[in-house]
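Okay, predicted coordinates and the sequence, questions at the end:
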Amino acid sequence: DVKVTQSSRYLVKRTGEKVFLECVQDMDHENMFWYRQDPGLGLRLIYFSYDVKMKEKGDIPEGYSVSREKKERFSLILESASTNQTSMYLCASSSINGRMEPQHFGDGTRLSIL
Amino acid sequence: AQSVSQHNHHVILSEAASLELGCNYSYGGTVNLFWYVQYPGQHLQLLLKYFSGDPLVKGIKGFEAEFIKSKFSFNLRKPSVQWSDTAEYFCAVGSGNTGKLIFGQGTTLQVKP
């Protein structure tokens, strides 16, 4: 069974801090994704990566960056945290199999910026 | 741009009632369609998916969905809900082979015992 592990379930940081959210998957998936989940807005894609060192912007990349140095790990970075980045962050991964495969999600990190 | 719309934001049902959650998407090409469920305190998990073939798709826990291409819809149904179906439900659409999905806003289902 696919396991996507996010490093923290809950995180509290201060405005202006640099914040790192880590995600690891154990199924050798090529694709990895970062979303934020807000009530009434569903899931919105921040960044995704389809290979090591490759990244593409999603729908709301402003204020975020990502890093994928190893295939199994995808990090989301808030360069200078702001209160409007308080949210639930979800990491997901999927394989490439000649067609679109379902994404597998981690438990999420609830991030509060004070 | 592609978009996904879930019409019902919050649905309250009694146990044994029938369920239908609406999902419409805007995209003219070939699509792959998914329904995910998020139980309280748990991660999103796949309920069912449609790639091609029979437009009536059966998923886990008695759920099914019907793809109607002419209506750009992929509605989720269950004949008789249980209290344990209380959760948030997300419709998602993907196209091409990038692996990217567009999610709807989500529908919160509350089932009263």
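Received, thanks.

Get me the contact residues on chain B for chain A.
Remark: the part of chain B in contact with chain A comprises B:4, B:6, B:9, B:32, B:34, B:36, B:42-46, B:49, B:51, B:90, B:92, B:94-101, B:103-106, using Cβ under 8 Å from any Cβ of the partner chain. From N, CA and C alone the C-beta is placed, and that goes for glycine too.

quick one: which helix or strand includes the residue minimising distance to the centre of chain A?
The residue lying closest to the centre of chain A (Cα atoms, centre = their mean) is residue A:34, at 2.6 Å. Secondary structure assignment for residue A:34, by DSSP states H and E: strand A:31-38.

so where do the strands sit in chain B?
B:3-5, B:10-14, B:19-21, B:24-26, B:32-38, B:45-50, B:56-58, B:64-68, B:73-78, B:87-94, B:101-103, B:107-112 (DSSP state E).

Pull up the pairing partners for the longest one, direction included.
Strand pairing for strand B:87-94, determined by DSSP bridges: strand B:32-38 (antiparallel), strand B:101-103 (antiparallel), strand B:107-112 (antiparallel).

Same check on the second one?
Looking at strand B:10-14 with DSSP bridges, its paired strands and their directions are strand B:107-112 (parallel).

Would you mark the buried spots in the partner strand?
If you call a residue buried by 16 or more other Cβ atoms under 10 Å in any protein chain shown, then strand B:107-112 has these buried ones: B:107, B:108, B:109, B:111.

so what's the third one closest to, chain neighbours aside?
By that I understand residue B:109. Closest residue to residue B:109 apart from its sequence neighbours, by Cβ to Cβ, 6 or more residues apart in numbering or on different chains: residue B:11 at 5.1 Å.

Looks like that neighbour contacts residue B:106 (just checking).
No: using Cβ atoms under 8 Å, residue B:11 is not in contact with residue B:106, being 11.2 Å away.

so where's chain A uncertain?
A:2, A:98 (pLDDT under 70).

can we see that at 80?
A:1-2, A:97-100 (pLDDT under 80).

Spell out which parts of it neighbour chain B.
Counting by Cβ under 8 Å from any Cβ, chain A sits next to chain B at A:4, A:30-31, A:33, A:35, A:40-45, A:48, A:50, A:58, A:90, A:92, A:94, A:96, A:98-103, A:105-108.

which ones are touching residue B:88?
B:37, B:38, B:106, B:107, B:108, B:109 (Cβ atoms under 8 Å, 6 or more residues apart in numbering or on different chains).

Please disregard the earlier target; I meant residue A:23.
Here residue A:23 is in contact with A:4-7, A:32, A:34, A:73-76, A:91, A:93, A:106 (criterion: Cβ under 8 Å, 6+ apart).

Could you tell me how far the most centrally placed residue in chain B is located from chain A?
Among the residues of chain B, the one closest to the centroid is residue B:35, at 3.6 Å (Cα atoms, centre = their mean). Distance of residue B:35 to chain A, given as Cβ to the nearest Cβ, to the nearest Å: 10 Å.

before we move on, what about residue B:81?
Counting by Cβ to the nearest Cβ, the gap from residue B:81 to chain A is 22 Å.

Verify the contact between that residue and residue B:20 for me.
No: the pair residue B:81 / residue B:20 is not scored as a contact, 10.6 Å apart, by Cβ under 8 Å.

So between these two, which is more surrounded?
Taking neighbours as other Cβ atoms under 10 Å in any protein chain shown, residue B:81 and residue B:20 compare with residue B:81 leading, 21 against 12.
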